[in-house]
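Peer 1: what follows is a predicted protein model with its sequence.
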Amino acid sequence: MATTIQIKRSANVAAPTTADLLEGELAYSYDKGNNGDQAKLYIEVQDASGNESIHTIGGKYYTSKVDAATNLRTGSTIVSRDSAGDFSANAITATTFYGNIVGTINGVASSATKLETGRYINLTGDVTGSAFFDGTGNAEISATVIQANSVALGTDTTGNYVGNVTSGNGIVISGTTGENWTPNISLSATGVTATTYGSTTNIPVFTVDQWGRLTSASNAAISTSFSLAANSGTTDTFNSGDTLRITGSTGINTVVSDNTISVFNTGVTSLSGTANQITVSASNASVQLSLPDDVIINRDLSVTGNLYVTGNVVALPVETLVINDPLIQLANTNVSTDLVDIGFYGSYGPGNAASHYHTGLFRDASDGKYRLFQGLTEAPGVTVNTSGNNYSIASLVANIVGGTVSGLTANITVGDGGTGRGTFTTNGILFGNATGALKVTAAGTYGQILQASADGTPVYGGVDGGTY
């Protein structure tokens with residue numbers, strides 16, 4: 001069977017008190033004697049100061065009223081719209097002397113009563129129809145007023161209606177008032193001369209107000225010439241279309257490239273090298289440039305091809321080493337035999353270069369197992385001496401996902417991150433036991449939920465809110 005969850009409940013119609021419920025707790029007075037006609041659902045809440053109160057949030061008492069709602073003029077019932085969105089009503093009463101009916105009004109309302117001289121109907125939104133008042137308290141509405149921000153309709157002493165629409169934001173609304181009032185809507189002038197602005201020698205300059213209107217417009221001339229001066233001679237003026245030519249003297253060349261003028265001397269008389277970088281030698285009317293035996297590069301070196309080093313040692317005494325290759329191959333000559341350990345190590349210690357320690361991770365060639373070590377005083381060669389002076393197993397802090405753990409002689413204790421147990425009850429739930437081995441609940445049955453017993457121990461069982 002499914003789980004049955006029960007809330008606080010009462011067979012009569014009495015509401016619960018704050019003494020009956022806790023914050024957020026539900027209760028239902030299901031009015032058993034009247035088939036639930038007055039049944040209500042309650043919840044206890046607390047305000048920011050902790051003051052308790054009971055809120056009514058539903059029940060058959062309210063759903064019955066909703067179910068009984070129609071679009072008819074039925075007294076003491078909730079109104080429901082029909083399929084066209086309409087409903088019937090004897091009267092719609094505004095709450096103040098100048099009460100408003102807001103929205104779209106269509107159709108004719110004849111023989112309206114209690115519309116006295118001097119009273120107004122304020123219409124906002126899209127309004128279709130016209131209005132005529134005879135001054136006796138009766139009114140007909142059937143005219144057209146479209147998209148007005150604010151239209152006030154009333155009666156004057158002759159029974160005509162008067163209207164008022166406010167101009168603004170560059171829009172002018174004018175026209176006479178009276179029964180046949182027709183508003184005229186136009187744009188106010190900005191003072192800008194109607195013409196073409198901008199040309200090949202001018203750029204247009206505009207001023208725009210906060211409503212997006214052009215309030216001024218003019219032309220600004222574009223400069224078509226520039227002046228060129230040197231450290232001697234006169235200053236020349238160049239106009240659009242002129243050509244500027246640079247000519248060098250004897251032994252001087254000029255080159256124009258990418259909008260840059262380069263001037264250089266062609267009278268080279270000798271070549272010389274740079275110590276530890278370039279050597280220069282001459283023989284048989286030819287000059288040879290080469291690298292010295294020992295090269296020192298004082299700045300950055302970029303190699304776009306492969307770099308091969310055939311010596312025995314590559315030393316990189318740098319602070320930061322950046323390598324794009326995600327996998328680094330070690331012991332690439334160990335393919336036919338398995339004689340060397342594979343891994344890496346580093347040095348640390350008391351600061352004496354002759355007696356510091358070594359730590360690292362390697363695959364032991366003797367058994368194929370990986371080992372994390374520390375404290376070794378002798379630097380590893382092609383193998384790590386696991387019997388060496390001060391060698392010990394290092395600690396590992398990590399999240400281990402998947403795989404198997406074998407070779408353990410005892411259960412891992414809680415203090416070491418284990419459970420302290422070797423087996424668990426089938427379908428049981430584990431729960432804490434301080435530093436002791438984890439405990440496990442008995443298996444639950446169908447429909448039960450997990451909850452706390454009187455001493456806080458998790459157990460399976462049903463839920464019953466009780467009565468009030």
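Peer 2: Arrived safely, thanks for sending. Numbers count the residues shown, from 1 in each chain.
Peer 1: make it CA atoms for all contacts and neighbour counts henceforth
Peer 2: OK.
Peer 1: show me the shaky parts of the stretch 151-300 of the chain.
Peer 2: 151-170, 172-184, 230-232, 241, 244-270, 285 (pLDDT under 70).
Peer 1: care to break the chain down by domain?
Peer 2: 5-58, 97-188, 197-222, 342-393, 410-468 (automatic domain parsing).
Peer 1: lowest mean pLDDT across these, which one is that?
Peer 2: With a mean of 50, domain 97-188 has the lowest mean pLDDT of those.
Peer 1: packing partners for the helix or strand containing Tyr28?
Peer 2: Tyr28 is part of strand 26-29, with elements assigned from DSSP states H and E. Helices and strands touching strand 26-29, by 3 or more CA pairs under 8 Å, 6 or more residues apart in numbering; DSSP states H and E, are strand 8-10, strand 40-46.
Peer 1: okay if I get those strands as JSON lines plus distance to Ile393?
Peer 2: Converted to JSON lines, the helices and strands packed on strand 26-29 look like this (distance: least, CA to CA, whole Å):
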{"stretch": "strand 8-10", "distance to Ile393": "62"}
{"stretch": "strand 40-46", "distance to Ile393": "59"}
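Peer 1: ok, which of those comes nearest Trp211?
Peer 2: strand 40-46 (50.4 Å; CA to CA).
Peer 1: tell me the first helix or strand C-terminal of that closest one.
Peer 2: Following strand 40-46 toward the C-terminus (DSSP H and E): strand 52-58.
Peer 1: output that following strand as CSV, nothing but the C-alphas.
Peer 2: Output of strand 52-58 as CSV, limited to C-alpha atoms (Å, rounded to 0.1, in the frame of the first residue of the first chain):
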residue,chain,number,x,y,z
GLU,A,52,2.0,33.5,15.8
SER,A,53,-1.3,33.6,13.9
ILE,A,54,-3.7,31.2,12.1
HIS,A,55,-4.4,31.8,8.4
THR,A,56,-7.3,30.3,6.5
ILE,A,57,-6.0,29.1,3.2
GLY,A,58,-8.8,27.0,1.6
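Peer 1: now the angle from the next helix or strand after it to strand 40-46?
Peer 2: Following strand 52-58 in sequence order, the next helix or strand is helix 60-67 (DSSP H and E). Between helix 60-67 and strand 40-46, the angle comes out at 120 degrees (axes from the mean of the first three to the mean of the last three CA atoms, to 10 degrees).
Peer 1: in helix 60-67, which residues are buried?
Peer 2: Buried residues in helix 60-67, counted by 16 or more other CA atoms under 10 Å: Lys60, Tyr61.
Peer 1: what lies in contact with it?
Peer 2: Gly36, Asp37, Gln38, Ala39, Lys40, Thr77, Ile78 (CA atoms under 8 Å, 6 or more residues apart in numbering).
Peer 1: same list (the residues you listed) but as JSON lines, adding secondary structure, neighbour count and distance to Tyr62.
Peer 2: Shown next, in JSON lines, are the contacts of helix 60-67 (DSSP: H, G, I helix; E, B strand; the rest coil; neighbours: other CA atoms under 10 Å; distance: CA to CA, whole Å):
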{"residue": "Gly36", "secondary structure": "coil", "neighbour count": "18", "distance to Tyr62": "11"}
{"residue": "Asp37", "secondary structure": "coil", "neighbour count": "17", "distance to Tyr62": "9"}
{"residue": "Gln38", "secondary structure": "coil", "neighbour count": "19", "distance to Tyr62": "9"}
{"residue": "Ala39", "secondary structure": "coil", "neighbour count": "24", "distance to Tyr62": "8"}
{"residue": "Lys40", "secondary structure": "strand", "neighbour count": "22", "distance to Tyr62": "8"}
{"residue": "Thr77", "secondary structure": "coil", "neighbour count": "15", "distance to Tyr62": "11"}
{"residue": "Ile78", "secondary structure": "coil", "neighbour count": "15", "distance to Tyr62": "10"}
